[in-house]
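Participant: just need the structure, nothing else, for what follows:
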Amino acid sequence: MTISQSPTKSSVSISRLIGLLVLVLLVWGCGAAPGSAGAEAALGGTLPPAPLEPAPGAGTAGSPGTPGSSAAAGSSAAAGSSAAAGSSGSAGTATSTPAQPTSVTVYQINSGGPATGTFSADKLFTGGEVFVATNAINTSVANAAPAAVYQSERHGNHTYNLNGLTPNAPYTVRLHFAEIYYTEAGQRSFNVLINGSQVISNIDLFAVAGYNTAYVRDFPTTANPSGVIVVDYVTVKDNAKSSGIEVISGGTQTPAPANQAPMVSKNAAASPSTVSGTTTSLSVLGVDDGGEGNLTYTWTTTGSPPGAVAFSVNGNNASKSTTATFGASGNYTLKVTLKDAQGLTTQSSITVAVTLPAGTPTQPSTPGAPGGSGWKLVWSDEFNGSAVDTTLWNYWLDGQQRRSAVNRAANTFVSNGVLTVRTTQTNGQLTAGGLQSKRGFGSGYFEVRAKTQGWSAFWLQSPGVENGGTPAVDGTEMDIMETCCGPANHAVHWGGYGATHQSVVQTIGLPLSEWNTYGLEWTPTSLKFWVNGQLSWTFTSAISQRTDEWIRLTQETDGDFCGGQCDFLVDYVRVYTPL
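Facilitator: I've put the predicted structure just below:
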């Protein structure tokens, strides 16, 4: 029998069948499951894409539909199958369940607007009002919605109740925003809560994203036991808002944006900026993605200022409003640095022209010295009121005998921007007075501007110094300035006031009847005494390490009375710490 070399029809069919089976096995081995889009393509078939919002009822308020259903239009296949359009699921058509996507979008809502793209018209809300703009929107951010979503908004206090979800199941809530109304920072801020937990605090959209720019945030959450996610928008300043909301089952959240540097919403300003006097009020305001309350404001001079400048509050959030006191006439450039909690900064500057009243003593600028650049004011009294500020001070030994005099609160008073501590004689009785700070202090820089008569002193004293122990543990008495009807001096006392008492005294030679500035720079290793911005004396032994040394401003007498009346006049007291 002769065997033909040509293949028969039967052998060809068998060969093709074997080849087809091999192809199926290859596709399976490459990771495409039978019934998947990849397998269908390999076999010459096609599958319709799963809809972005698979729930048939998702467009109806209160019915998000059944996540996971993906039957194509016209199909009679059961939920979860994937028959092609027009198919009845008969033999010869792939009917295997396709691989489910890693996330399923359950809701897409256009806040304040109509249906657009895959986003439904606004629904499931209570409260708020609608605003619509035609501004062009920058949507070049991850997971941005269509631009039309950001051209409408629901604003004011309002709530979305996103119901019909799987109880206690995890979801991602994607919030869409854009500032389409305000053209500068500081005009709008609000909070957002999801199921009662605050997820966005005091956000200023212009500050974090700019004008007409999409801003998207994702938050993982869990549907409550009733299968509802509640999103609340709460106004802080001039209307909370929403541009759109998505609810996604599964998937990966958009990471929170990286921390941004703060921005200046109101530039540094001085009132007045042309000063005929010694002071002006300064102001500035910033915004930050972490909230304005996280910012610190630090004022400094720049260039070569004509005199010293002191700020009533500095280096904290409250110093966005502060008072500058100038030590000489001339032009000053003042710079304020805004810093957020992560250390990012921005700056703003203002120029102030100052003319001091005739006869006002000048205080030279000492950049880098205590109280100048590199120092932060942490406590002060400018004595600008009409009475002693009893939130800062106690009357010292009020009603008690001290040496030859009885201390009286009436002998210590404030008028015309100056504190007066007076020693006088009434009905044959010597009376004096003084103040003691209500709080204690540790190391820093302490300064007073004063005129002296009689026995006047500006000093620090530890409550433990009388114990007679070591300076580090029990503290010291530090006389920044003391005068007993004669030359002024600096002094340090320790070891108690009995047999173990020790002290070192340094005389200051200058006219006491004039205004002078006296300062102490106290560090853990030294005491540096300053007079009128110049270093006067350095002391490096017997250093207090305590943090509760009181500030005192006092008048005393031991019988060597200076005459009918002695006044200790104080312009201010200030305490600084290094920046």
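Participant: what segments of the stretch 401-550 of the chain are strands?
Facilitator: Per DSSP state E, counting those that start in this stretch, the stretch 401-550 of the chain has strands spanning 401-402, 405-407, 412-415, 418-426, 429-437, 444-451, 455-461, 477-484, 488-494, 502-508, 516-522, 527-531, 534-539, 550-556. These are given in chain order.
Participant: would TSV of these with mean neighbour count be doable?
Facilitator: The C-beta positions use only the backbone N, C-alpha and C, and glycine is treated the same way. Conversion of the strands of the stretch 401-550 of the chain to TSV gives the following (neighbours: other C-beta atoms under 10 Å):
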stretch	mean neighbour count
strand 401-402	14
strand 405-407	22
strand 412-415	17
strand 418-426	20
strand 429-437	21
strand 444-451	23
strand 455-461	24
strand 477-484	22
strand 488-494	23
strand 502-508	14
strand 516-522	24
strand 527-531	21
strand 534-539	15
strand 550-556	23
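Participant: in stretch 220-240, which residues are buried?
Facilitator: Judged by neighbour count using 16 or more other C-beta atoms under 10 Å, the buried positions of stretch 220-240 are 221, 223, 228-233, 235, 239-240.
Participant: check those residues and tell me the two furthest apart.
Facilitator: When C-beta to C-beta is used, the two most widely separated members of the buried residues of stretch 220-240 are Ala223 and Asn239, lying 28.2 Å apart.
Participant: between the strands of the stretch 401-550 of the chain, which one is closest to Tyr211.
Facilitator: In this view, these are compared for proximity to Tyr211 by C-beta to C-beta, and strand 444-451 is the closest at 44.5 Å.
Participant: what lines up beside that closest one in the sheet?
Facilitator: Based on DSSP bridges, the strands next to strand 444-451 in the sheet, each with its direction, are strand 516-522 (antiparallel), strand 565-578 (antiparallel).
Participant: okay, those in JSON lines with distance to His493 next?
Facilitator: Supplementary listing: the strands paired with strand 444-451 in JSON lines, determined by distance: least, C-beta to C-beta, whole Å:
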{"stretch": "strand 516-522", "distance to His493": "14"}
{"stretch": "strand 565-578", "distance to His493": "20"}
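Participant: any idea which of those strands gets closest to Ala410?
Facilitator: Using C-beta to C-beta as the criterion, the shortest distance between Ala410 and the strands paired with strand 444-451 is 13.4 Å, found for strand 565-578.
Participant: quick one: that closest one to chain centroid distance?
Facilitator: 33 Å (C-alpha atoms, centre = their mean, to the nearest Å).
Participant: can you check stretch 470-478 too?
Facilitator: Going by C-alpha atoms, centre = their mean, where stretch 470-478 is centred and where its chain is centred differ by 38 Å.
Participant: buried set for it?
Facilitator: By neighbour count, with 16+ other C-beta under 10 Å as the criterion, the buried positions of stretch 470-478 are 471, 474-478.
Participant: residue ranges with poor pLDDT in the stretch 101-250 of the chain?
Facilitator: 101-102, 250 (pLDDT under 70).
Participant: which residue ranges of it form strands?
Facilitator: Counting by DSSP E, counting those that start in this stretch, the stretch 101-250 of the chain forms strands over residues 103-110, 125-132, 152-162, 170-177, 189-194, 197-203, 215-222, 229-237, 241-242, 244-250, given from the N-terminal end onward.
Participant: just say which of those strands is most tucked in.
Facilitator: strand 241-242 (a mean of 26; mean count of other C-beta atoms under 10 Å).
Participant: neighbouring strands - and their directions - for it?
Facilitator: Sheet partners assigned to strand 241-242 using DSSP bridges are listed as strand 152-162 (antiparallel).
Participant: roughly how far out does the strand it pairs with sit from the chain middle?
Facilitator: Between the centre of strand 152-162 and the centre of its host chain there is 27 Å, according to C-alpha atoms, centre = their mean.
Participant: could you check the angle it makes with strand 189-194?
Facilitator: Angle of strand 152-162 versus strand 189-194, following axes from the mean of the first three to the mean of the last three C-alpha atoms, to 10 degrees, is 30 degrees.
Participant: wait, which of the strands of the stretch 401-550 of the chain is closest to Phe190?
Facilitator: When those are ranked by proximity to Phe190, the top entry is strand 444-451, at 40.1 Å, counting by C-beta to C-beta.
Participant: quick one: the closest one to strand 488-494, angle?
Facilitator: Computed by the same axes, to 10 degrees, the angle between strand 444-451 and strand 488-494 is 140 degrees.
Participant: what's the average pLDDT for strand 444-451?
Facilitator: The pLDDT scores in strand 444-451 average 92.
Participant: one more: stretch 462-469?
Facilitator: What stretch 462-469 shows for mean pLDDT is 90.
Participant: which residues does that stretch contact?
Facilitator: Surrounding stretch 462-469, the residues in contact under the criterion C-beta atoms under 8 Å, 6 or more residues apart in numbering are 440, 473-477, 493-498, 500-501, 544, 546, 548-550.
Participant: including distance to Leu334 and mean pLDDT, could the strands paired with strand 444-451 go into CSV?
Facilitator: As requested, the strands paired with strand 444-451 are arranged in CSV below (distance: least, C-beta to C-beta, whole Å; pLDDT from 0 to 100):
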stretch, distance to Leu334, mean pLDDT
strand 516-522, 21, 92
strand 565-578, 17, 90
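Participant: of all those, which one is nearest Trp375?
Facilitator: Judged by C-beta to C-beta, the one of the strands paired with strand 444-451 that comes nearest to Trp375 is strand 565-578, at 4.1 Å.
Participant: and Ser437, bridged to which residues?
Facilitator: According to DSSP bridges, the residues that bridge with Ser437 are Trp393.
Participant: and the nearest residue to Gly128 once chain neighbours are set aside, how close does it get to Asn239?
Facilitator: On the basis of C-beta to C-beta, 6 or more residues apart in numbering, the spatially nearest residue to Gly128 that is not a chain neighbour turns out to be His158, at 3.0 Å. Using C-beta to C-beta, to the nearest Å, His158 is found at 10 Å from Asn239.
Participant: how about Gly533?
Facilitator: Distance, Gly533 to Asn239, by C-beta to C-beta: 52 Å.
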